[in-house]
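**Student:** Prediction below, plus the sequence it came from.
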Amino acid sequence: MSEPPAEVAGEANPAGTASETTSATTSATTSAAPPPETPWRRLDARMLLVNPLETLIRALPAVIAIVLARATSESDDRWELLAVPVILAFGALRWLTTRYRIDHGQIELRRGVLTKQTTTARLDKVRAVDLTAKVYHRLLGLTKVEISTGSSAKERIVLDSLRLADGRRLRAELLHRIDSRVLDLPPPTGPSVGGPAVGDPATTATAPPAPDAGDEVLVRLDPRWVRYAPLTLTGLASAAAVVGFALQALRTVGDESRTIVSGARRVRELAIWVDVVAALAVVSLLAVVAYVLTFWGFRLTRNRLGSFHTRRGLLTSRETSIDHGRVRGLRLDEPLGLRLAGGRRLKVVTTGLGDERGGSDWLCPPAPRDVVTPLARRISDDEDAVEAPVVPHGPAARRRRLTRALVAVPVVAAGVWAVVSLLDSTPWLWLAVPVVALAAVALGVDRYAGLGHLVTPRHLVTRWGSLDRRRVLLRRDGVIGWTVRRSFFQRRAGVATLVATTAAGSQHYDVVDLELERAYALLREVDRSLADEFA
Amino acid sequence: MDDLDETPPTAVLRDPAHRVSPRARRMWALEAVLGELVVLAGQVVWWFLDDGGRTTHWVVFAVWLVVAVAYTAVMPVWRYRVHRWESTEHAIYTQSGWLTQERRIAPLSRVQTVDLQRGPLERLFRLATVTVTTASAAGPLEISGLDLPVAQRLVEGLTAAAVLDEGDAT
């Protein structure tokens, strides 16, 4: 996918300013002439302010409780203030003891106040670099750098915090050194070749290396896309999270039961449709707020090596860089609501980010089809894989989708029967059975309509699901193994699930309920030599 | 549809070449019995804690007996028929399961680690399990019930092949 635009990478730049590749050149010199030690670097001293602030925020419930207790008590002791010097001292110690450096092709991090700890990772294992800045980081011009070096969330090096410019420089250093090609590149000249507007002038003016120069901007958030926010499960989930958080805050402050009871009474007095509309409005509003907080200023760029950079966030800003060598494919999501409204969203399938960890795999937030589809086409450079109709899986697959959906009907019927016979008062509940049956049939039909696969010269495409439909474009060379799974019922129906395992994304992508012969034919089509081994 | 049963020569891959050790059947049976005994122990505890009537106890016991006997009789034989493996110069190929059956294939160039495990039961029967992992968390190939010398030879062969390949196999 993302092959770097070769004409840019290969272009000779005679009159170069050495600014951008400084890091790269230094590394070349250090490895050539063996100097004894690369100096250690420290975190930015302003983390001394961040640390107590974070501790305070973490301890907020306790602080509130203490304040409330003080308000009612007579005592003048302020023993809790003892914690302040301790927290400050701890922060200072942490700053004094934390240091990092890049040396001999690896990044080293030393830290620990009581237990000394040294973390080392080879630079070629660096898979993604995240810069995260919460509000207070941003006020201080700081950012937290997280370097993923393996597939699990534990294999990470976290530098909290560096100055934003330092963080970006470190990121450029890390990601550029991964790629030996950059060492051979001549330094860049002036403005970029074909890219539209590059970076915001403020950062390019202050930051000495302009790593953004030469990047092509692939997508920018259009504020009108906010209308898609209430249509995704993620949006609803974040709305639920906000409600939960509010309830918890209410509980911390004090007596929540009375508020809830009086609120419930007021709600009950309203007509039912008013309740429904109000609930919808609140949930939509929260989803919109969550969308704005997460995706404000979203921007996806690709540099001349083909690595992706995203930047997003209203209060907490996040910058993610994904090394192009780790990308194994794309995931186009069309959850039901979004699909009906003509929207889609795009994620990247890559090694090194755990499955959807922290959402750093976004390539495009929920947005109109007309934006996402061309974007996917541009990134994957494989029109068929993005848009061509997928091959359906046949009658057995359809039967299985319907049977599975209809299982819900007897369950609901039994539930209704139990309620009606126990309470003896609500026979209209029986209406639920035909409604559920209709919904189940619709769901089964739509799930079958979603099911399909496709092989293109470079990708294996699989699509599935209804409420959460996904179309995954997996690079054929990213497939590192196969499983053909057949449950008892699948064997009776003569179908199999072909699983392509991969080191990226959710580690495996399934082609569900394909007739057995076609499953093997698909395996053979994607990996001829492997299949011939056991033909 | 049914003419597909005429085994078109091209489509379906053949079975992996080798069966696992016949002793694996006895090991799986013993494993099943041990698991069933744990359930039985739960029932015994319940028998002594419960002061009420004994009818439910006998019903549950009868169900346990039928399920346990059927499972112990059927599962090991069925599983032995399914379990197969093969390793060539370029790839490793396994087949396992009984109710749900799986075939797994991985090219040796993608192999990351090769493990040989021997639990207490496997030691008792002089058997071993070989686990071959790839860079995918969803991709390990497991061959259980191998004769110990066979397993050792397999591990040596696979390790030698895996060492030959460069790169991080992702």
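**Tutor:** Okay, I see it.
**Student:** Let me know the secondary structure of A:Arg318.
**Tutor:** strand (DSSP: H, G, I helix; E, B strand; the rest coil).
**Student:** residues near it, how many?
**Tutor:** 22 (other CB atoms under 10 Å in any protein chain shown). C-beta: built from backbone N, CA, C; applies to glycine.
**Student:** In space, what's closest to residue 140 - neighbours in sequence excluded?
**Tutor:** All of this refers to chain A. A:Arg46 (4.8 Å; CB to CB, 6 or more residues apart in numbering or on different chains).
**Student:** switch to chain B, that's the one I care about
**Tutor:** Per CB to CB, 6+ apart, closest to B:Pro140 is B:Thr133, 4.6 Å.
**Student:** Check the offset of the helix or strand hosting that neighbour from the chain's centre.
**Tutor:** Assigned by DSSP states H and E, B:Thr133 belongs to strand B:127-134. Taking CA atoms, centre = their mean, to the nearest Å, one finds the center of strand B:127-134 at 10 Å from the center of the full chain.
**Student:** buried stuff in it?
**Tutor:** For strand B:127-134, burial by neighbour count (16 or more other CB atoms under 10 Å in any protein chain shown) applies to B:Leu127, B:Ala128, B:Thr129, B:Val130, B:Val132, B:Thr133, B:Thr134.
**Student:** Would you list the strands that the very next helix or strand once past it pairs with, along with their directions?
**Tutor:** Downstream of strand B:127-134, the first helix or strand assigned by DSSP H and E is strand B:141-147. According to DSSP bridges, strand B:141-147 forms sheet pairs with strand B:127-134 (antiparallel).
**Student:** Could you pull up the mean pLDDT of the strand it pairs with?
**Tutor:** The pLDDT scores in strand B:127-134 average 92.
**Student:** Then stretch A:381-399?
**Tutor:** Stretch A:381-399 comes out at a mean pLDDT of 92.
**Student:** Please look at the residue nearest to A:Leu140 and A:Thr143 and confirm they touch.
**Tutor:** No. The pair A:Arg46 / A:Thr143 is not scored as a contact, 11.0 Å apart, by CB atoms under 8 Å.
**Student:** Counting neighbours around each, name which of those two comes out higher.
**Tutor:** More crowded of A:Arg46 and A:Thr143, by other CB under 10 Å: A:Thr143, with 29 against 18.
**Student:** Double-check that the more buried one belongs to a helix.
**Tutor:** No. For A:Thr143, which was evaluated using three-state DSSP, the result is strand, with no helix membership.
**Student:** partners of it in the sheet?
**Tutor:** A:Leu162.
**Student:** so it makes contact with A:Tyr136?
**Tutor:** No. The pair A:Thr143 and A:Tyr136 fails to qualify as a contact (CB under 8 Å) at a distance of 11.4 Å.
**Student:** Can you give me the end-to-end span of stretch B:133-143?
**Tutor:** Length of stretch B:133-143, first residue to last, CA to CA, to the nearest Å: 12 Å.
**Student:** Now tell me what touches that stretch from outside.
**Tutor:** A:151, A:351, A:480-481, A:483, A:499, A:501-503, A:506-508, B:20, B:83, B:85, B:92, B:94, B:96, B:104, B:106, B:110-115, B:129-132, B:151, B:154, B:168-170 (CB atoms under 8 Å, 6 or more residues apart in numbering or on different chains).
**Student:** Please tell me the pLDDT value assigned to the residue of the stretch 301-450 of chain A found nearest chain B.
**Tutor:** Per CB to the nearest CB, A:Thr351 is where the stretch 301-450 of chain A lies closest to chain B, at 5.1 Å. Note for A:Thr351: predicted pLDDT of 80.
**Student:** Return the member of the buried residues of strand B:127-134 nearest to chain A.
**Tutor:** For these, the nearest to chain A is B:Thr134 (5.0 Å; CB to the nearest CB).
**Student:** hey, what's that closest one bridged with?
**Tutor:** According to DSSP bridges, beta-bridge pairing links B:Thr134 with B:Val111.
**Student:** Name the spans of chain B whose pLDDT lies under the cut-off.
**Tutor:** For chain B, the stretches flagged by pLDDT under 70 are B:1-10, B:162-170.
**Student:** Show the contacting residues for the nearest residue to A:Leu429 once chain neighbours are set aside.
**Tutor:** Residue nearest to A:Leu429 in three dimensions, not counting chain neighbours: A:Val416, with 4.9 Å by CB to CB, 6+ apart. Residues near A:Val416 by CB under 8 Å, 6+ apart: A:Leu429, A:Trp430, A:Ala432, A:Val433.
**Student:** again, but for A:Val226
**Tutor:** Counting by CB under 8 Å, 6+ apart, A:Val226 has contacts A:Val288, A:Tyr291, A:Val292.
**Student:** Quick check: the residue of the stretch 1-150 of chain A nearest chain B.
**Tutor:** The minimum distance from the stretch 1-150 of chain A to chain B, using CB to the nearest CB, falls at A:Lys125 (7.9 Å).
**Student:** one step back: nearest to A:Thr301, of the buried residues of strand B:127-134?
**Tutor:** For the buried residues of strand B:127-134, the minimum distance to A:Thr301 (CB to CB) is 32.5 Å, reached by B:Thr134.
**Student:** Quick one: the strands in chain B, in order.
**Tutor:** B:18-19, B:84-87, B:91-97, B:101-107, B:111-117, B:127-134, B:141-147 (DSSP state E).
**Student:** Nearest to A:Leu422, out of these?
**Tutor:** strand B:91-97 (42.8 Å).
**Student:** Walk me through which strands that closest one pairs with, and which way each runs.
**Tutor:** strand B:84-87 (antiparallel), strand B:101-107 (antiparallel).
**Student:** Single out the most deeply packed of the ones you listed.
**Tutor:** Among those, the stretch with the highest mean neighbour count (mean count of other CB atoms under 10 Å in any protein chain shown) is strand B:101-107, at a mean of 23.
**Student:** got the residues of chain A near chain B?
**Tutor:** For chain A, the residues in contact with chain B (CB under 8 Å from any CB of the partner chain) are A:125, A:151, A:326, A:351, A:480-488, A:491, A:494, A:499, A:501-504, A:506-508, A:515-518, A:520-521, A:523-524, A:527, A:529-531, A:533-535.
**Student:** let's go with 6 Å and repeat that
**Tutor:** For chain A, the residues in contact with chain B (CB under 6 Å from any CB of the partner chain) are A:351, A:480-488, A:501-503, A:507-508, A:517, A:520-521, A:530, A:533-534.
**Student:** How many residues are close by A:Pro457?
**Tutor:** A:Pro457 has 8 nearby residues by other CB under 10 Å.
**Student:** Need the pLDDT of it.
**Tutor:** So A:Pro457 comes in at 93 (pLDDT).
**Student:** can you check A:Tyr509 too?
**Tutor:** pLDDT at A:Tyr509 comes out at 94.
**Student:** what's in contact with the helix or strand hosting it?
**Tutor:** For A:Tyr509, the host element (DSSP H and E) is strand A:508-515. Outside strand A:508-515, the residues that touch it by CB atoms under 6 Å, 6 or more residues apart in numbering or on different chains are A:393-394, A:397, A:400, A:453, A:462, A:464, A:472, A:474, A:495, A:497-501, B:138.
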